[in-house]
Every structure is written in C-alpha cells, then in structure tokens.
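S.K.: Have a look at this prediction, sequence included:
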Amino acid sequence: MLGKVIFIGGVHGAGKGTLAKQVSSEIGIQYFTASDLIKEYKKAPVDHQKNVIDAEKNQEYLITAVLDKAANFHELILDGHFTLWSDQTITHIPMVVFRRLPIQAIILVEESPETVAFRLTDRDGSSKSIEQITIALKEERNRARLVQKEIGVPMIEVRSNQYCQVSDWILQLFKP
C-alpha cells in the first residue's frame, strides 16, 4: 500500500522548504524535495538558476521516485511546484502528473512578491522583477486550486511562518 503524500507547493522563494522541514521535524513525517528526487533518479545535476530543462522527462523521474518513496513511508511531504519558471515563461505541470501521484493533501505556501524577491536575490542571486514574481504567484495559486479541485483533496493556503497551523492541520487530517 502506498503512503500518503502531502504536496507542499509554491514558487521559488515562497518558503515552502523551510516550512516543510519544520513541519517534518515537528510531526515526524519524511520530507523530500521534487528537485532532489529528480536529481537522484535522473542521476544528473539540476540547474542552480532554477531554470527547468526537459520538464516532461523530469516529471516521469519525479513520479517514479515518489511512488518508490511512498511504498516505503506511511506519510511523506513532497516539496514541489504547480508551475515552473523557465527564463520568461511559466509552464504548468501537467495535470496527469498530479493524478499519478498518491497526493492526499495540498499545502500552498505564499508570500508577498517583495519577500519572494528578497529571498531569491539573497539565496540564488536571482533578479526576478516584482511584476514577474506577482504573475508567478498568481499562476501558482490558480494552478494549485485547479489541481485541488481536479484530484479532490483538501488544501490549505498559508504563509511560510505558519508551521504550527500546518502541523495541526496535517495531524487532524491523518488522525488514526
């Protein structure tokens, strides 16, 4: 039987990794990033500028990796995206990817465009404009809501500092 996947999404710099690590540590659920799983299964480096190369093939690696991990863990948190930035283009992750994953809940992490811009500059040396980030946030939110409706799982939208709320929400969802 496959484990339950809690998908935590948001744009680069929204704080989903920080939030996921805190929640994982607090409630004892295994945590993985989509990019690390893709890198592990693809056995190739990931672009440090966060540009996505060969997105379709990467999604197949991701599905294989998540299904493997879900076979070994009762629950896991998967840090990923609903959309991808590639230069000036925003691409939606195909709906079939989300349908093929055993996702039982979605957490969308959002922050202000200014906060995201600061984090991207500080962490990655990226120089996305506030306008680009605003568009990316809107696309990510809209895609997350569409995925949630399509696969029929609960979803919560939070800020990256709301780990107590997220932990409580997960514990309520998966009470034995």
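M.R.: Cool, the structure landed.

S.K.: in the helix or strand bottoming out on mean pLDDT in the chain, what's buried?
M.R.: Taking mean pLDDT, DSSP states H and E as the measure, the helices and strands of the chain show their lowest mean at strand 83-86, namely a mean of 85. Residues of strand 83-86 classed as buried under the neighbour-count rule (16 or more other CB atoms under 10 Å) are 83-85. Quick note: C-beta positions are derived from backbone N, CA and C, even for glycine.

S.K.: partners of Ile107 in the sheet?
M.R.: Bridge pairing for Ile107 (DSSP bridges) gives the partners Ile8, Ile156.

S.K.: Could you count how many residues lie near it?
M.R.: Other residues near Ile107 number 26, with proximity taken as other CB atoms under 10 Å.

S.K.: which residues of this protein score low on pLDDT?
M.R.: When the per-residue scores of the chain are filtered using pLDDT under 70, the ranges that remain are 44-55, 87.

S.K.: which helix is the longest one in it?
M.R.: Counting residues, the longest helix found in the chain (DSSP state H) is helix 130-151.

S.K.: Format the CA atom coordinates belonging to that one as PDB.
M.R.: Extracted in PDB, the C-alpha atoms of helix 130-151 (Å, rounded to 0.1, in the frame of the first residue of the first chain):
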ATOM      1  CA  ILE A 130       8.200  42.200  -8.700                       C
ATOM      2  CA  GLU A 131       6.000  42.100 -11.700                       C
ATOM      3  CA  GLN A 132       7.300  38.700 -12.800                       C
ATOM      4  CA  ILE A 133       7.000  37.400  -9.300                       C
ATOM      5  CA  THR A 134       3.400  38.700  -8.900                       C
ATOM      6  CA  ILE A 135       2.500  36.900 -12.200                       C
ATOM      7  CA  ALA A 136       4.200  33.700 -11.000                       C
ATOM      8  CA  LEU A 137       2.500  33.800  -7.600                       C
ATOM      9  CA  LYS A 138      -0.900  34.200  -9.300                       C
ATOM     10  CA  GLU A 139      -0.200  31.400 -11.800                       C
ATOM     11  CA  GLU A 140       1.000  29.000  -9.000                       C
ATOM     12  CA  ARG A 141      -2.100  29.800  -6.900                       C
ATOM     13  CA  ASN A 142      -4.500  29.300  -9.700                       C
ATOM     14  CA  ARG A 143      -2.900  26.100 -10.800                       C
ATOM     15  CA  ALA A 144      -2.900  24.800  -7.200                       C
ATOM     16  CA  ARG A 145      -6.600  25.500  -6.900                       C
ATOM     17  CA  LEU A 146      -7.300  23.800 -10.200                       C
ATOM     18  CA  VAL A 147      -5.200  20.700  -9.200                       C
ATOM     19  CA  GLN A 148      -7.000  20.600  -5.800                       C
ATOM     20  CA  LYS A 149     -10.400  20.600  -7.500                       C
ATOM     21  CA  GLU A 150      -9.300  18.100 -10.100                       C
ATOM     22  CA  ILE A 151      -7.900  15.500  -7.700                       C
END
